[in-house]
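[1] build the 3D model from these lines:
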Amino acid sequence: MSHAISLLDEPILIEDNLPSVGDILPFFQLVNHLLEDITLESFQGKRKILHFFPGIDIPISAHSVRTLDKLGKSLSNTVILNISPDLPFTMTRFAEAENLTHSINLSTLRGRDMFKNYGVLIMSSKLAGLPARALMVADENDKILHVELVNDLTTEPDFGAALNLLAR
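    Reported below is the predicted structural model:
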């Protein structure tokens, strides 16, 4: 089963496993900038913002990463996880060039099943295999508080809605 979003009015089918508010985040294993495996348990006891995007070289993705990193300065007990298929080296170069220090960049280098497990896998179009743009917020116990899959890949998630939940 799948559902559709778009890229400038072109329909794109997405894997239909998107978690719901109230669910527990599914397990994941991703790769950090040191090529170390990082799992969900690595962030135990912290609130989490999971930011999925197709690639850092897409201007809207780069803008979203910058925006979230800036917002991360004011969030306590919260980790911002930027998740993409980019190589860890690519994300590290970007973060260093932009002086980003309040978010964590994770690659699906050894964890591509995450896109399917989290319901963000693009299944059709030339972008098949990449993640759709999405934002998820979870509490300290990995309970999902907010899920947003953008309707069009050229738009950003509503960061304000996610941050309002964390301000409570």
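[2] which residues in this protein form strands?
    In order along the chain, the chain carries the following strands (DSSP state E): 2-7, 10-15, 29-31, 37-39, 47-52, 78-84, 104-107, 134-138, 144-149.
[3] quick one: mean pLDDT over the first one.
    Which is strand 2-7. Confidence over strand 2-7, taken as the mean pLDDT, stands at 61.
[4] what's the answer for the longest one, then?
    The average pLDDT within strand 78-84 is 96.
[5] could you do the last one as well?
    This predicted structure assigns strand 144-149 an average pLDDT of 94.
[6] Leu35 and Met91 touch, don't they?
    No: proximity of Leu35 to Met91 does not meet the contact threshold set by CB atoms under 8 Å, at 11.8 Å. Just so you know, the C-beta spots here come from the backbone N, C-alpha and C atoms, and that holds for glycine as well.
[7] which one's more surrounded, these two?
    Relative neighbour count places Met91 above the other of Leu35 and Met91, with 24 against 12, counting by other CB atoms under 10 Å.
[8] per-residue confidence for that one?
    As summarised for this prediction, Met91 has a pLDDT of 94.
[9] how about the strands of the chain in JSON lines, adding distance to Ala95 and mean neighbour count?
    Putting the strands of the chain into JSON lines (distance: least, CB to CB, whole Å; neighbours: other CB atoms under 10 Å) gives the following:
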{"stretch": "strand 2-7", "distance to Ala95": "26", "mean neighbour count": "15"}
{"stretch": "strand 10-15", "distance to Ala95": "27", "mean neighbour count": "17"}
{"stretch": "strand 29-31", "distance to Ala95": "15", "mean neighbour count": "20"}
{"stretch": "strand 37-39", "distance to Ala95": "15", "mean neighbour count": "14"}
{"stretch": "strand 47-52", "distance to Ala95": "13", "mean neighbour count": "24"}
{"stretch": "strand 78-84", "distance to Ala95": "9", "mean neighbour count": "22"}
{"stretch": "strand 104-107", "distance to Ala95": "6", "mean neighbour count": "24"}
{"stretch": "strand 134-138", "distance to Ala95": "19", "mean neighbour count": "24"}
{"stretch": "strand 144-149", "distance to Ala95": "23", "mean neighbour count": "18"}
